[in-house]
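Peer 1: 3D, please:
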Amino acid sequence: MSLVKRIWRVLRKPQVIWKELVLRLQVLCFGIRYHFLKQCFSNTDPSRKVLIVSLTDNPAYAKWEGMLLIALRQKKCTPVVLTEKKYRNAQRTFRMFGVTEFIYLEDLLDATEGEVDLQSLEELLAGEVNFKSLLDFAYRNIDSGRSALSTLVRKMRDTSLAFEDPAMRSMLLDTFTLSMRIVHAAEKLFAEEKFEAILFHEKGYTPFGEFFHASVNAGVNTVQYHYGQKPKSFVLKRYNKNNKTIHPSSLSEKSWSHVQGLSWGQNDEEMFMNELRESYESGTWFNRKALLVDKSLRSPEEVRKELGIDPHKKVAIIFSHVLWDASFFFGESLFDDYEHWLIETVKAACENDSVQWLIKLHPDYVWKMKDLGDGVHPRDIVALESGVGELPDHIQVIPPETSITTYSFFPVIDYCITVRGTVGLEAPCFSIPVFTAGTGRYAKLGITTDSSSKEEYLERMRTIQEYPKMSSEQTSLARLHAWAVFDKRLMLFDAFELTRRLKGYGLQTHVDIPLRSVREVESAADLKDFADWVIDSRDEDYLTI
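Peer 2: Prediction:
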């Protein structure tokens, strides 16, 4: 960049430059304070490489990913980071953890220039384009359609895309072509390089999704590390061709069979239910998303009074997803997208005034809307206004910023509706029937009411009041399953802690590393457990029972 351009950049956006300077100073201070990290488990074997796919310039992410890479160095593995050249702050941070090998996405793409066969994409776009056809698009045995479309939806923050619009067709062509180029780049990388393991935090959106599927197809030891709902916790899942669309916090068939064989009694259930309540009371439940900021537990009477709930009517609550934060890669859905599902569900609810309906907007909107700027409304409101119109008196919308916690709704509601949200794990623990509109981590386990078609699902919405509460046996099974997912799937870390705080402009990530010497790092039991499971195990789930 020329001197004139640099000066012009500063004059136009001085706040950007200031933010960059602050980041660099933070990285420098971190390097001075934690200078010893480079020396930890430094005797590695260059023939035993582990790859972490880290395509972000957030130094906080690089810090906790750096700790995971240090853990794997004790297995003599040489850490390698897949990134982009522009992500300089992340690279500076990784180097402070002793990482010296980087693979750049730009170089991989340049090496596959001209290899993409666009015929299948051109044929797709020449025909009748719809959400499902794009979602189902596959290229070289990789579900690139799911990654590309999810990425475009997230970018546009809208699932109601006008596919017939020429400008949208151009965006589709660019997005899908890039996805296909990344498929070639990923295949080339895994054909030329051997890795002991490949680690992903994100595995759905482009370019992560393409590398993830290529890794699985190549038979590489592919692991996703995902936030747990407790502080200092992560969920670990190993993927193969048979489970590649499963949510990381799910239980494999083997794990679920093992869990069902455990002794599980009334005392166990009560302990788990008390722990669940305490997590909400203390504000630690999914605190990485700041979901409980400015929220509190309420009594059933307080909830009914605040919302004007008729005590003589049954109550059904629709837990809406973030409509454009598309998790299409976690199973199959009855409807094309979350927006279509919400609109059709509410239309069916309009026909059923025997039940009082609540539509609870996702609490993630609180920080996502801050991130987007003031004056932005949740997509759900726009979708309902255009797709349904004025709502009747027996239906009301609960905004994402409500001060009532999700837990406070459980003693009040009779039915829970979701596609595949986390609430589908919680509600059955209170004997509340859950109606799903897609497969996911808890479908077909006997704890939810799953429909095989749109028609069956919508008819259930029209007659939902006829369904009884769950039996004690079903409730006990649901609690056992939730306990295994929420407690026993977690790997707890003391070597570092990731926290996310809600600021005026969204969520800000922080990482604290309490270790202060090489000896403390090399003796950390949690880092050893992580390395042992990733390198030596072949289990699908990290499970502590």
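
Peer 1: the domain parsing of the chain - what is it?
Peer 2: What automatic domain parsing lists as the domains of the chain is 3-112+185-254+492-536, 264-488.

Peer 1: quick one: low-confidence ranges for the stretch 401-545 of the chain?
Peer 2: 500-507 (pLDDT under 70).

Peer 1: mind checking how far residue 230 is from residue 491?
Peer 2: 11 Å (C-beta to C-beta, to the nearest Å). No exception for glycine: its C-beta is placed from N, CA and C like everyone else's.

Peer 1: residue 132 too?
Peer 2: Relative to residue 491, and taking C-beta to C-beta, residue 132 is found at 37 Å.

Peer 1: out of the two, which sits in the more crowded spot?
Peer 2: residue 491 (18 against 14; other C-beta atoms under 10 Å).

Peer 1: who's that one bridged to?
Peer 2: As for beta bridges, residue 491 partners with residue 234 under DSSP bridges.

Peer 1: contacts for stretch 31-41?
Peer 2: 66, 70, 73-74, 92, 96-98, 513, 517-518, 521-522 (C-beta atoms under 8 Å, 6 or more residues apart in numbering).

Peer 1: now with 7 Å?
Peer 2: 70, 73, 74, 96, 97, 98, 513, 517, 518, 521, 522 (C-beta atoms under 7 Å, 6 or more residues apart in numbering).

Peer 1: which residue ranges of the stretch 201-350 of the chain form strands?
Peer 2: Listed from the start of the chain, the stretch 201-350 of the chain has strands (DSSP state E, counting those that start in this stretch) covering 222-227, 233-239, 314-319.

Peer 1: dump those into CSV; add mean neighbour count and mean pLDDT as well.
Peer 2: Putting the strands of the stretch 201-350 of the chain into CSV (neighbours: other C-beta atoms under 10 Å; pLDDT from 0 to 100) gives the following:
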stretch, mean neighbour count, mean pLDDT
strand 222-227, 22, 95
strand 233-239, 22, 97
strand 314-319, 22, 97
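
Peer 1: now for those strands, which one comes closest to residue 302?
Peer 2: strand 314-319 (14.7 Å; C-beta to C-beta).

Peer 1: how far off centre is that closest one?
Peer 2: Per C-alpha atoms, centre = their mean, to the nearest Å, the displacement of strand 314-319 from the mean C-alpha position of its chain is 24 Å.

Peer 1: send me it as CSV with only the CA atoms.
Peer 2: C-alpha atoms of strand 314-319 as CSV (Å, rounded to 0.1, in the frame of the first residue of the first chain):
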residue,chain,number,x,y,z
LYS,A,314,-53.4,-24.4,27.5
VAL,A,315,-50.3,-22.5,26.4
ALA,A,316,-48.1,-23.4,23.4
ILE,A,317,-44.8,-21.6,22.8
ILE,A,318,-43.0,-21.3,19.5
PHE,A,319,-39.3,-20.9,20.1
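
Peer 1: partners of that strand in the sheet?
Peer 2: strand 355-360 (parallel), strand 415-418 (parallel).

Peer 1: could you dump those into a markdown table with distance to residue 35 and mean neighbour count added?
Peer 2: What follows is those, written out as a markdown table (distance: least, C-beta to C-beta, whole Å; neighbours: other C-beta atoms under 10 Å):
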| stretch | distance to residue 35 | mean neighbour count |
| --- | --- | --- |
| strand 355-360 | 48 | 23 |
| strand 415-418 | 48 | 26 |
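
Peer 1: any chance of those strands in JSON lines, with distance to residue 112 too?
Peer 2: Shown next, in JSON lines, are the strands paired with strand 314-319 (distance: least, C-beta to C-beta, whole Å):
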{"stretch": "strand 355-360", "distance to residue 112": "45"}
{"stretch": "strand 415-418", "distance to residue 112": "40"}
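
Peer 1: nearest to residue 222 among those strands would be which one?
Peer 2: With C-beta to C-beta as the measure, strand 415-418 is the member of those nearest residue 222 (28.0 Å).

Peer 1: how distant is the closest one from the center of its chain?
Peer 2: Taking C-alpha atoms, centre = their mean, one finds the center of strand 415-418 at 20 Å from the center of the full chain.
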